[in-house]
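**Q** Show me how the following folds:
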Amino acid sequence: MVNFESLFEGVYKDKKVLLTGHTGFKGPWLALWLEQMGAKVYGFSLKNEDDINHLSLLNLGLEEKISDIRNADVLEKYFQEVQPDIVFHLAAQALVRRSYDDPVETFSTNVMGTLNIFEACRKTPSVKAIVNVTTDKCYENKEWEWGYRENEPMGGYDPYSASKGCSELLTSSYRNSYFNPKDFGNKHEVLLASGRAGNVIGGGDWAVDRLIPDIIKATAKNEAVLIRNPLATRPWQHVLEPLSGYLTLGWKLLKKDVSAAEGWNFGPDNNSNLQVGDIVKLSHEYWSNIQIEISKNTDEHHEANLLMLDCSKANKKLKWKAVWGIDKTIDKTITWYKEYYENNKILSHADLEEYISDAKAANILWAL
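**A** This next block holds a predicted model:
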């Protein structure tokens, strides 16, 4: 049995933790993990409009406010009611293709929404730590064959990527202007960090225009999944990997470690940087019903062909590293959906316990 309350030196037990975007993909997994560690979890997010909702399947006990982070008044009022100790900001318009269709929504949510979060934190005395979750796509992508480091320039070709680059610049501005680590303990009591992760997969995701959900939804209907860009290379990782990174940041910030108040990459080892086509083939090994069809549409929106992260900073300074390789990541992801559709089983608790046990066996610091 996993002793959840001892993880991260027990820092989350009895803490009030506010998650924005708790109804999305990463949010329910993070809420589950935090509840298991004894935290009091609160959520602020739009309603999940997917046909199936992982958060509802988990039946967690968190308190929530269904609203838009662009509504500053409602957001600030909720912060004042909750008085959280730490905020994990996950809420975003997170789909690249949707950002082409509605750039205004994308920029207003990902930039002004983030601004509203920082302002709510600044006006709430209880807040001691903030982790802003962005993406590997925040970097100016030059299609390099090596990973981007945290000091690389922000950028973004498509509206989504550009909005996340803006979110990182906003984070840097607030860190320097209001939450400067040099002034910690003197002018303020808040530390702010950001976490950048690659392509995240795992059970419980039914969003549109994402590879694994597209595969699963087509397979559930006994249809072939349409693959747009089979040669695109991405750093694939299980959803629990970046969450362990975000929780590590929160742990360090709550422990008043000013050196953690920076931007950080959380990604897999180089063996998990695979092409989309390879991921589909691996997925088929765990669910033989999967069928594919390659798109012949030449009018698709631009998507990066090569994007990788250099995570050596987190490896060395935070003692963080990925736990599962690509084979186990695909196994756990596809098996989660297969068990849900064929046996009506929810494997989230079991997957989380196994992940933690494997991290402990690998002597990863947060699990000891």
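**Q** from here on, contacts and neighbour counts on C-alpha atoms
**A** OK.
**Q** what does stretch 63-73 contact?
**A** 20, 41-47, 74-75, 78, 91, 108-109, 112-114, 116-117, 120 (C-alpha atoms under 8 Å, 6 or more residues apart in numbering).
**Q** mind listing which of these are in helices?
**A** In this view, the contacts of stretch 63-73 that belong to helices under DSSP state H are 74-75, 78, 113-114, 116-117, 120.
**Q** What subset of these is buried?
**A** Among the ones in helices among the contacts of stretch 63-73, those classed as buried by 16 or more other C-alpha atoms under 10 Å are 75, 78, 113-114, 116-117, 120.
**Q** Strands of the chain, residue ranges please.
**A** Residue ranges of the strands in the chain, as given by DSSP state E, are 16-20, 40-45, 63-66, 86-89, 129-133, 191-197, 200-201, 224-227, 233-235, 237-238, 263-266, 273-275, 291-294.
**Q** least reliable of these going by mean pLDDT?
**A** Lowest mean pLDDT within the strands of the chain: strand 233-235, a mean of 78.
**Q** Need the contact partners of it.
**A** Against strand 233-235 from outside (C-alpha under 8 Å, 6+ apart): 198-199, 267-268, 270, 272-276, 305-309.
**Q** Using CSV, please lay out the ones in helices among the contacts of stretch 63-73 together with pLDDT.
**A** Formatted as CSV, these follow (pLDDT from 0 to 100):
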residue, pLDDT
V74, 98
L75, 98
Y78, 98
G113, 98
T114, 98
N116, 98
I117, 98
A120, 98
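**Q** Sketch out the low-pLDDT regions of the stretch 151-300 of the chain for me.
**A** Low-confidence segments of the stretch 151-300 of the chain, defined by pLDDT under 70: 296-300.
**Q** Kindly apply the preceding question to the stretch 1-150 of the chain instead.
**A** In the stretch 1-150 of the chain (pLDDT under 70), no residue qualifies.
**Q** try it again with 80
**A** For the stretch 1-150 of the chain, applying pLDDT under 80 flags the ranges 51, 145.
**Q** is it true that S167 touches T134?
**A** Yes - using C-alpha atoms under 8 Å, S167 is in contact with T134, at 7.4 Å.
**Q** number of nearby residues for G21?
**A** The tally of other residues near G21 (other C-alpha atoms under 10 Å) stands at 25.
**Q** For D269, list the residues it contacts.
**A** Residues counted as contacts of D269 (C-alpha under 8 Å, 6+ apart) are 322, 325.
**Q** okay, how far is it across stretch 212-227, tip to tip?
**A** One end of stretch 212-227 sits 11 Å from the other (C-alpha to C-alpha, to the nearest Å).
**Q** Nearest to S348, out of the strands of the chain?
**A** strand 237-238 (12.1 Å; C-alpha to C-alpha).
**Q** name the helices or strands packed onto the closest one?
**A** Packing partners of strand 237-238 (3 or more C-alpha pairs under 8 Å, 6 or more residues apart in numbering; DSSP states H and E): strand 200-201, helix 326-343.
**Q** hey, which of the ones you listed is tucked in deepest?
**A** Mean neighbour count (mean count of other C-alpha atoms under 10 Å) peaks for strand 200-201 among those, with a mean of 24.
**Q** can you redo the buried ones among the ones in helices among the contacts of stretch 63-73 as JSON lines with distance to I227?
**A** Shown next, in JSON lines, are those (distance: C-alpha to C-alpha, whole Å):
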{"residue": "L75", "distance to I227": "39"}
{"residue": "Y78", "distance to I227": "41"}
{"residue": "G113", "distance to I227": "32"}
{"residue": "T114", "distance to I227": "32"}
{"residue": "N116", "distance to I227": "37"}
{"residue": "I117", "distance to I227": "36"}
{"residue": "A120", "distance to I227": "41"}
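**Q** so which of those would you say is closest to V208?
**A** Distances from V208 to these, taken by C-alpha to C-alpha, are shortest for G113, at 21.8 Å.
**Q** which residues does the closest one contact?
**A** Neighbouring residues of G113 by C-alpha under 8 Å, 6+ apart: 69-70.
**Q** Any idea how far apart the tips of stretch 15-29 sit?
**A** Terminal-residue distance, stretch 15-29 (C-alpha to C-alpha): 17 Å.
**Q** Please apply the same query to stretch 250-259.
**A** Taking C-alpha to C-alpha, the first and last residues of stretch 250-259 lie 12 Å apart.
**Q** Contacts for that stretch, please.
**A** Contacts of stretch 250-259 (C-alpha under 8 Å, 6+ apart): 8, 11-12, 86, 128-131, 181, 184, 191-192, 260-261.
**Q** circling back: CSV for the helices and strands packed on strand 237-238, including distance to S357?
**A** Formatted as CSV, these follow (distance: least, C-alpha to C-alpha, whole Å):
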stretch, distance to S357
strand 200-201, 20
helix 326-343, 14
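**Q** Farthest from the middle of this protein: give me that residue.
**A** N186 (31.8 Å; C-alpha atoms, centre = their mean).
**Q** how close does that one sit to N180?
**A** If you go by C-alpha to C-alpha, the gap between N186 and N180 works out to 10 Å.
**Q** Nearest to N315 among the contacts of stretch 250-259?
**A** Nearest member of the contacts of stretch 250-259 to N315, counting by C-alpha to C-alpha, is A260, at 12.8 Å.
**Q** From what I see, the closest one and L249 are in contact.
**A** Yes - shown here, A260 and L249 form a contact pair, counting by C-alpha under 8 Å, at 6.5 Å.
**Q** Please identify which of those two sits among more neighbours.
**A** The neighbour comparison of A260 against L249 (other C-alpha under 10 Å) goes to L249, with 29 against 23.
**Q** Enumerate every residue touching W366.
**A** With contacts defined as C-alpha under 8 Å, 6+ apart, W366 is in contact with 7-9, 248, 320.
**Q** I'd like to know which of those residues are buried.
**A** 7-8, 248, 320.
**Q** Looking at these, which are in helices?
**A** Per DSSP H, the buried ones among the contacts of W366 map to helices at T248.
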